[in-house]
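**Student:** how would this look folded up:
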Amino acid sequence: MRLDNMCQMTEDFPKLARARRSAQVRKSILTLILLVSSAFVVFTTSVTATASTTRLVGHSAGASNAKKPIAYVNETIGTEGGGNTSPDATAPFGMIEWGPGNYSASQVTGGLSLTNLPGTGCPGLGDIPILPVSGALPLDLNAAVEPISKSSYQPGTWTGQIGAPRVTTTLAVTTRTGIANFLFPARRPSQILLKVGSSLGGNSGATTRIVGSDEVVGSTTGVSFCGQVDPYTLYFVARFESPFSSYGSWTPSGVTPGSNNTSGAESGVWLNFGSDRVAKKVTMKIGISYVSVQNAARNLKAEDPGWSTNVVASRTQREWNADLGTIQVSGGTTSQLTLFYTALYHSLLAPETYSDVNGQYLGFGCSTIGQSCGVETSPLGHVQYSEFSGWDIQVSEIPL
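**Tutor:** Numbering: from 1, shown residues only. The predicted structure is shown next:
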């Protein structure tokens, strides 16, 4: 089993993706959410539930609010004071949650990690931080950090400026993949660090291999969550729209320019895209899997065959609007709507997708912690989920 003794999602649990959600299961989920949210929605006087849409009608009853639901989501709620949520880019129940993984008014980051665990009180996941660097490489590549400024976010996207000079960064995601635009300042080296062996909870190993001049593949094995030894391995395939001109790798033993592979905890690679007289845009996309590099490539091909952050962002935001819009609210104040839809948004972050587009996932239930149970396959039309928690429930249905 994976993190925090989290329970297995059985193969009978319905896929919550909108396209394959059965009407009866959807109605049951909405009914549960309505029951636990009725105490909060103080402006509600009547409820109409259907298999497709549930509407809360308030004292100022009439047409539902003209804004789309994501316009009311405030991702900074819960990020401070022990809330431990993060305004990362993610899809509903997404495998990938890409972003800085923490939030504060004076934020610095060691990289935009591909996985984050919302709502916990101690480190977990934070796998494969990716850090753009404008200028010379830091002396300690593994420990390198950069400031973040002017960050903004909507469900499915994250935008911010990283470093000094600033690299304008835009992230967008699907369920299992992400795409990024890095806009580097003119006349400055445009470099990207992939800290493959630097997960937030520590690593027992990592492997990275540079393929040609536009691809990096590998894996990282995280070792703990809240001090518990609970290993898991995440695989990835990263591709770039334009080639890098030079590269190198590092381990705790040192830095090796020109090396196209590395392994071990606290290891990684850097990629140099050169510099231009004008601002230089580097576009990167990445697929992940808990099964294999090959499945990470399959996920990437299936979910994001193109090179447009706008296309990916628009598609994922439509998914968020559809899922958040299953409960339509009329009446109340803007503040109440923001609290409601933000709590509903947080409830749809977990559990997280665990199986790949071909249905494969690593089995559960081994007697030895961290021991692989072999690859299993979900029935057609179903998705395997993970990241269940019995006590980190501040980002579940409870706040509703």
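**Student:** pLDDT weak spots in this protein?
**Tutor:** Low-confidence segments of the chain (pLDDT under 70): 1-66, 81-83, 102-106, 119-123, 224, 227, 365-372, 389-400.
**Student:** for the stretch 101-250 of the chain, what spans make up the strands?
**Tutor:** Applying DSSP state E, counting those that start in this stretch to the stretch 101-250 of the chain gives strands spanning 108-109, 130-134, 146-154, 157-162, 167-173, 177-184, 190-194, 203-211, 215-225, 228-240, 246-251.
**Student:** closest to N310 out of those strands?
**Tutor:** strand 167-173 (7.7 Å; C-beta to C-beta). (C-beta placed from N, C-alpha, C; glycine too.)
**Student:** what does the closest one rub up against?
**Tutor:** 89-91, 94, 96-99, 112, 132-134, 156-162, 178-185, 309-310, 312-313, 316 (C-beta atoms under 8 Å, 6 or more residues apart in numbering).
**Student:** Drop anything exposed from those residues.
**Tutor:** Buried members of these, counted by 16 or more other C-beta atoms under 10 Å: 89-91, 94, 96-99, 112, 132-134, 156-162, 178-185, 309, 312-313, 316.
**Student:** P132 contacts G163, correct?
**Tutor:** Yes. At 6.7 Å, P132 counts as touching G163 under the criterion of C-beta atoms under 8 Å.
**Student:** list the residues that contact both of those two?
**Tutor:** Counting by C-beta under 8 Å, 6+ apart, the residues touching both P132 and G163 are E146.
**Student:** On the three-state scheme, the residue lying closest to E241 once chain neighbours are set aside is what?
**Tutor:** Among residues not flanking E241 along the chain, T283 sits closest, at 4.1 Å (C-beta to C-beta, 6 or more residues apart in numbering). Classification of T283 using DSSP: H, G, I helix; E, B strand; the rest coil returns strand.
**Student:** Return the residues in contact with T283.
**Tutor:** T283 neighbours (C-beta under 8 Å, 6+ apart): 179-182, 240-242, 307, 309.
**Student:** Tabulate the residues you listed (TSV), appending distance to G197.
**Tutor:** Converted to TSV, those look like this (distance: C-beta to C-beta, whole Å):
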residue	distance to G197
I179	24
A180	20
N181	26
F182	22
F240	21
E241	26
S242	26
W307	28
T309	27
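**Student:** check contacts around R209.
**Tutor:** So R209 contacts 216-218, 260-261 (C-beta under 8 Å, 6+ apart).
**Student:** redo that, cut-off 6 Å
**Tutor:** Neighbouring residues of R209 by C-beta atoms under 6 Å, 6 or more residues apart in numbering: 217-218, 261.
**Student:** What subset of those is buried?
**Tutor:** Buried, going by 16+ other C-beta under 10 Å: 217-218, 261, out of the contacts of R209.
**Student:** Switch those over to a markdown table; also include distance to D323.
**Tutor:** Shown next, in a markdown table, are these (distance: C-beta to C-beta, whole Å):
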| residue | distance to D323 |
| --- | --- |
| V217 | 32 |
| G218 | 32 |
| N261 | 41 |
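**Student:** Can you point out the helix or strand that includes N310?
**Tutor:** Using DSSP states H and E, N310 sits within helix 309-324.
**Student:** so what does that helix touch, helix or strand wise?
**Tutor:** strand 167-173, strand 177-184 (3 or more C-beta pairs under 6 Å, 6 or more residues apart in numbering; DSSP states H and E).
**Student:** do that again at 10 Å, thanks
**Tutor:** Secondary-structure packing of helix 309-324 (3 or more C-beta pairs under 10 Å, 6 or more residues apart in numbering; DSSP states H and E): strand 89-90, strand 146-154, strand 157-162, strand 167-173, strand 177-184, strand 280-289, helix 334-347.
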